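K.L.:
Structure, please.
(chains A and B, ligands or ions: 2)
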Amino acid sequence: MSSSSQAIVVCRQVSKRYRKGEIPVDALKRVDLTLNPGQLIAASGPSGSGKSTLLNLIGLLDQPSTGTIELFGQRSEVLKRKERQALRRKYLGFIFQNFNLLPVLNAVENVELSLYGHPLSKDQIRNQALAMLQQVGLLNRAYHYPKELSGGQQQRVGIARALVHKPKLVMADEPTANLDTGSATEIISLMRNLSHEIGTTFLVSTHDPRLIKNMDREVTLTDGVLLS
Amino acid sequence: MIWLTLAWRNFIRNTRKSYFTLLIIVVGTVACAIGLAYISATFMLVKEGTIRGGVGHLQIASSDWFDGHEESTLEHGLAPELTRRIEKFSDEHPDIKLAMPRIRFQGLISHGDTSLVFIGDAVKAKLERQLSQSFVSTVEGQGLEYLTPEQVYYVVIGSELARLLGVSPGDDITLMAVTVHGGINAVDATVSGISSSGNPDIDKMQLYAPLELAQSLLLTNKVSKFVLFLQEPHAIPDVQAALTADFPQLAVRTWQQLSPFYEQMVALYSRQFIVFGIIIGMVVALTTGNAMLMNLFDRKQELATMSSMGLPEAGIRISYLFESALLGISAGAIGLVLSVAVCELINLASITMPPPPGRSEGYTLMVLFDVGPSLLLWAGVILLCVIAAAFATNRINKLQLVEAING
Ligand SMILES: Nc1ncnc2c1ncn2[C@@H]1O[C@H](COP(=O)(O)OP(=O)(O)O)[C@@H](O)[C@H]1O
Ligand SMILES: [Mg+2]
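P.N.:
Ligands and ions are numbered 1, 2, ... in the order given. The predicted structure follows:
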């Protein structure tokens, strides 16, 4: 069925129209896109070009107006709320621009949240989360709360959280927008290494040219239209 | 469990808003607890007042005496043989503290040119005194309990009656009544004291006399009934059963049966309290519900993040319910502890309340913190908080993930 037997995401003629205001906005226009495993892919384009919309649709946080999205061989539009939830928990990871760590949990607890519902003992969960924090170089901050961490450190916890359950696909919407250049470069090389180590596909939206040159592939959006 | 951890951590992450919510619930709990304590005290006072005010725990008499009307004087009275058996039974029964014979009688009381109707209770004053400070209490002169056994022809009369007759302690009066034989008899007696029940209608006709005076006036050695006072109120059913078995020809009534007013009062107060409780409960529920809703809005981003990670909504919801339950548990506990303190203060302050309808004397406000109802109240507060949170969490699945994630 899918265009490539090993593709993890196939978007066909995907459009998204927002009808919030007086004039409807076409955020995405007939987008065709195929993502393969183990790649670091940049979704570039100016602000308002539809990058977040694309990531949200592929991440099952929202639904397209027309067109179909196939995720790991499953048509997303037939999935029920609970099935989407389960799919996200098993196969997807999210990295946010604002880090979005839970303030009442410390670093390792935030990471552990991603292992919820996986068939692991308490100790296994803790050990995997700590190992993941070590991979992002934050083992010595494992018991710190988000407010005790710098932006770059918080985002590294965010990356650990997005990867600890070894997802097939990670969505990162402008993950470095709130970071200084030094931290941003670190974060990108971290994502690059992990993507190759774990074999996870990263879809990273950004308009920072310094990041794009480190990626395996770039797709560009302009006014909701995708150019590969 | 992660949901409990989240609930606990969010609960102790106190914001000014959550302190305010806590305060409202505490105040609501205190209001209800004090209301309950006031009602408990009132029930207790009225119960004690009824029992010690002369009704006793149990009364034994012929069933016609309780239910019927005496066509002639002491028509349904207890003859000496029966009286002695009741006294013997009471002496031997370990649960019975006092057994007091009484005669209810009526007639005319005269002083000078004035004659008025009286309703008399003839008693063994020394026994009655052990039951009650109030039944034979006097506001002027001396009570009957101070009389020597030889001093029979003395009476205590109600304050209104004394005023209408124009007598004071030491004055002589004449009592007239219909005897058991149907004739009329009269005796002279001295006013020993003046009593006041606080109820002018009673004080207008009330007369207390030694049992022997009534018996010599009525030309009989019968009594109307026996009033029993027990060691412990718990023993009422047992003693009632034992008496009924030994005296099948007589009727034994409990204080509740003899004062239907008590049951009516309990029903009335309970209804009033339920209305009061519902109002307070609604305030608490609305405040908590609103607080939990604000809470949800404040944490929209966190909720959306958890949801995007695929964490089950049921878990997120449970964590909210736990958090609200924790709020109820702590606010309820604080409220109850405060209530105990407030109750102590109220009792120490001895606040005087205005006289209730039909009474001429005020009373001291008393409250009685009762553990049983207070624990129920606590459970109710917790339940309300959880229910309010449950309504608030209905908003979770209406959350727009994409918008909420970016805060
Ligand atoms: N929830 C929404 N309601 C209405 N319009 C939206 C919404 N989200 C995005 N848009 C519009 O869709 C277009 C694409 O937005 P977005 O995907 O956020 O772009 P980018 O992430 O590239 O900046 C923009 O014009 C934006 O204003
Ligand atoms: Mg965007």
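K.L.:
got the residues of chain B near ligand 1?
P.N.:
Proximity of chain B to ligand 1, by Cβ under 6 Å from any ligand atom, involves residues B:Glu403. For every residue, glycine as well, the C-beta is placed using N, CA and C.
K.L.:
Assign the closest residue to chain A within chain B to helix, strand or coil.
P.N.:
Closest residue of chain B to chain A, Cβ to the nearest Cβ: B:Gly310 (2.8 Å). What DSSP: H, G, I helix; E, B strand; the rest coil gives for B:Gly310 is coil.
K.L.:
how about the nearest residue to it once chain neighbours are set aside, phi and psi?
P.N.:
Counting by Cβ to Cβ, 6 or more residues apart in numbering or on different chains, B:Gly310 lies nearest to A:Arg89, which is 2.8 Å off, once chain neighbours are set aside. Main-chain torsions, A:Arg89, degrees, to the nearest 10: phi -60, psi -40.
K.L.:
quick one, longest helix in the chain?
P.N.:
Since no chain was named, I'll use chain A. Longest helix of chain A, by residue count under DSSP state H: helix A:181-198.
K.L.:
Not quite, go with chain B.
P.N.:
Criterion DSSP H: the longest helix present in chain B is helix B:260-298.
K.L.:
quick one on the thing from earlier: okay but the residue of chain B closest to chain A is in contact with A:Phe94, surely?
P.N.:
No: B:Gly310 is not in contact with A:Phe94 according to Cβ atoms under 8 Å; the separation is 9.7 Å.
K.L.:
tell me the SS of the residue nearest the centre of chain A?
P.N.:
Centroid-nearest residue in chain A, with Cα atoms, centre = their mean: A:Met171, separated by 1.2 Å. Counting by three-state DSSP, the backbone at A:Met171 sits in strand.
K.L.:
mind checking how far it is from B:Val371?
P.N.:
Distance of A:Met171 to B:Val371, given as Cβ to Cβ, to the nearest Å: 57 Å.
K.L.:
quick one: what helix or strand has the closest residue to B:Asp172 other than its chain neighbours in it?
P.N.:
Once flanking residues are discounted, B:Asp172 sits nearest to B:Thr190: 5.6 Å by Cβ to Cβ, 6+ apart. Element membership for B:Thr190, per DSSP states H and E: strand B:184-195.
K.L.:
Can I get that strand as CSV, trimmed to CA atoms?
P.N.:
The C-alpha trace of strand B:184-195 is given here as CSV (Å, rounded to 0.1, in the frame of the first residue of the first chain):
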residue,chain,number,x,y,z
ILE,B,184,-65.3,17.5,99.5
ASN,B,185,-62.5,17.9,102.0
ALA,B,186,-60.3,20.8,103.0
VAL,B,187,-57.0,21.2,104.8
ASP,B,188,-55.1,24.2,106.0
ALA,B,189,-51.4,24.6,105.0
THR,B,190,-48.6,27.1,105.1
VAL,B,191,-46.8,28.4,102.0
SER,B,192,-43.3,27.2,102.3
GLY,B,193,-41.9,28.5,99.1
ILE,B,194,-42.6,29.9,95.6
SER,B,195,-41.5,28.1,92.5
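K.L.:
Quick check: buried residues in the helix or strand just after it?
P.N.:
Using DSSP H and E, the next helix or strand after strand B:184-195 towards the C-terminus is helix B:200-203. Across helix B:200-203, burial judged by 16 or more other Cβ atoms under 10 Å in any protein chain shown covers B:202-203.
K.L.:
Could you list the buried residues of the lowest-mean-pLDDT helix or strand in chain A?
P.N.:
Lowest by mean pLDDT, DSSP states H and E among the helices and strands of chain A is helix A:209-212, with a mean of 80. If you call a residue buried by 16+ other Cβ under 10 Å, then helix A:209-212 has these buried ones: A:211-212.
K.L.:
in its sheet, what does the helix or strand that that helix is followed by sit against?
P.N.:
Downstream of helix A:209-212, the next assigned helix or strand under DSSP H and E is strand A:217-222. When pairing is defined by DSSP bridges, strand A:217-222 lines up against strand A:40-44 (parallel), strand A:225-227 (antiparallel).
K.L.:
What number of residues are in the vicinity of the nearest residue to B:Gly56 once chain neighbours are set aside?
P.N.:
Ranked by Cβ to Cβ, 6+ apart and with sequence neighbours excluded, the top spatial neighbour of B:Gly56 is B:Val227, at 3.9 Å. Other residues within reach of B:Val227, judged by other Cβ atoms under 10 Å in any protein chain shown, total 26.
K.L.:
swap in A:Val225?
P.N.:
Neighbour count of A:Val225, defined by other Cβ under 10 Å: 15.
K.L.:
And the strands in chain B?
P.N.:
B:58-61, B:96-111, B:114-123, B:140-141, B:154-158, B:172-178, B:184-195, B:206-210, B:225-230, B:251-254, B:352-353, B:363-364 (DSSP state E).
K.L.:
what's the closest of the ones you listed to B:Val46?
P.N.:
strand B:363-364 (10.9 Å; Cβ to Cβ).
K.L.:
now B:Ile278: how far from B:Ser374?
P.N.:
Note on B:Ile278: its distance to B:Ser374, by Cβ to Cβ, is 18 Å.
K.L.:
typo on my end, B:Tyr154
P.N.:
Distance of B:Tyr154 to B:Ser374, computed by Cβ to Cβ: 49 Å.
K.L.:
where does chain A dip in pLDDT?
P.N.:
Counting by pLDDT under 70, chain A contains low-confidence residues at A:1-5.
K.L.:
can you list the residues of it near chain B?
P.N.:
A:52, A:56, A:59, A:61-62, A:85-90, A:92, A:94, A:96-98, A:100, A:102-105, A:109, A:112-114, A:116-117, A:161 (Cβ under 8 Å from any Cβ of the partner chain).
K.L.:
Repeat the analysis, applying 6 Å as the threshold.
P.N.:
Along chain A, the residues adjacent to chain B under the rule Cβ under 6 Å from any Cβ of the partner chain are A:56, A:61-62, A:85, A:88-89, A:94, A:100, A:102, A:104, A:116.
K.L.:
out of those, which one sits closest to B:Val123?
P.N.:
Once Cβ to Cβ is applied, the member of these that ends up nearest B:Val123 is A:Val104, at 72.8 Å.
K.L.:
Number of residues surrounding the closest residue to that closest one other than its chain neighbours?
P.N.:
In space, and not counting its chain neighbours, A:Val104 is closest to B:Arg9: 3.6 Å by Cβ to Cβ, 6+ apart. Per other Cβ under 10 Å, the neighbour tally for B:Arg9 reads 18.
K.L.:
And for the one 5 residues further on?
P.N.:
Residue neighbour count, defined by other Cβ under 10 Å, stands at 11 for B:Asn14.
K.L.:
B:Gln301 too?
P.N.:
Neighbours of B:Gln301 (other Cβ under 10 Å): 17.
K.L.:
Settle this for me: it is touching B:Asn406, isn't it.
P.N.:
No: in terms of Cβ atoms under 6 Å, B:Gln301 does not count as a neighbour of B:Asn406; the distance is 7.5 Å.
K.L.:
Show me the beta-bridge partners of B:Val123.
P.N.:
Beta bridges link B:Val123 to B:Arg102, B:Pro210, judged by DSSP bridges.
K.L.:
since we're on residue 147, how many residues are nearby?
P.N.:
Unless you meant another one, I'm taking chain A. 8.
K.L.:
ah, no, chain B please
P.N.:
16.
K.L.:
so what's it closest to, chain neighbours aside?
P.N.:
In space, B:Leu147 is closest to B:Tyr154, 5.6 Å off (Cβ to Cβ, 6+ apart).
K.L.:
Show me what the one you found bridges to in the sheet.
P.N.:
Beta-bridge partners for B:Tyr154, by DSSP bridges, are B:Thr190.
K.L.:
So what's the residue count around it?
P.N.:
22.
K.L.:
Please tell me how far it sits from B:Ile202.
P.N.:
20 Å.
K.L.:
And for B:Asn10?
P.N.:
Distance from B:Asn10 to B:Ile202, by Cβ to Cβ: 63 Å.
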